[in-house]
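Asker: here's a sequence, model it:
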Amino acid sequence: MGFVYLQVKARRYVEVGPGTYRRQDFFRRPDADMDEEDLAVLMHGMKQLADGAGAEPNRPLTGIGIRGFNDLRHTLHLEFDCQEVVGETGTEFLDLMRCRHVVTGEVIGLYNLVPRPILRDTLSAPGATDD
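Answerer: Numbers count the residues shown, from 1 in each chain. Reported below is the predicted structural model:
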């Protein structure tokens, strides 16, 4: 199976869109109750995957965050196996997500560049309260 299989599936998704893809998918994914914003993020991730992003740390998936990655993973029938932070900057961290295909059992590693969450405490001025 491998990364090329994911690229083929992603290209198909980009070509036909979420509705047709869902109707043709054995597990009926992506989920029918996803909103337009989530579908847009999923499409962004699928386009990157179709273009070969995600297989190497120097070319990770970007702009999809954790939730978008989970939607992508779910749509491609991948179960979460394990996660490792393999790089970071002050504003982002690079995740290596190992996922197992639900049918074949093959493990595939995908790189996802994720923005660091903004901590609420860092936004408040010293001595400020939320009252």
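
Asker: please name the residues that touch the residue most central in space within the chain.
Answerer: The centre of the chain sits closest to F69, judged by C-alpha atoms, centre = their mean, with a distance of 1.6 Å. Contact analysis of F69 by C-beta atoms under 8 Å, 6 or more residues apart in numbering lists G45, L61, D95, M97, L110, N112, V114. Any C-beta I mention is one placed from the backbone N, CA and C, and that applies to glycine too.

Asker: could you pull out the strands for the protein?
Answerer: Per DSSP state E, the chain has strands spanning 78-88, 92-101, 107-115. These are given in chain order.

Asker: Y21: which of these is closest?
Answerer: Distance to Y21, taken as C-beta to C-beta, is lowest for strand 78-88 among those, at 15.4 Å.

Asker: determine the set of other helices and strands touching the closest one.
Answerer: If contacts are counted by 3 or more C-beta pairs under 8 Å, 6 or more residues apart in numbering; DSSP states H and E, strand 78-88 sits against helix 65-75, strand 92-101, strand 107-115.

Asker: ok, how many other residues are close to L94?
Answerer: Counted with other C-beta atoms under 10 Å, residues neighbouring L94 total 17.

Asker: does it really touch T62, like I thought?
Answerer: No: contact criterion C-beta atoms under 8 Å: L94 and T62 do not qualify, at 10.0 Å.

Asker: give the residues shared as contacts by these two.
Answerer: Listed as contacting both L94 and T62 by C-beta under 8 Å, 6+ apart are N112, L113.

Asker: tell me the phi and psi of P60?
Answerer: P60 adopts backbone torsions of phi -80, psi 170, taken as degrees, to the nearest 10.

Asker: which residues does I108 form beta bridges with?
Answerer: On the basis of DSSP bridges, I108 is bridged to C99.

Asker: let me know the pLDDT of it.
Answerer: Note on I108: pLDDT of 94.

Asker: next one: G19
Answerer: For G19, the model assigns a pLDDT of 96.

Asker: all set, thanks.
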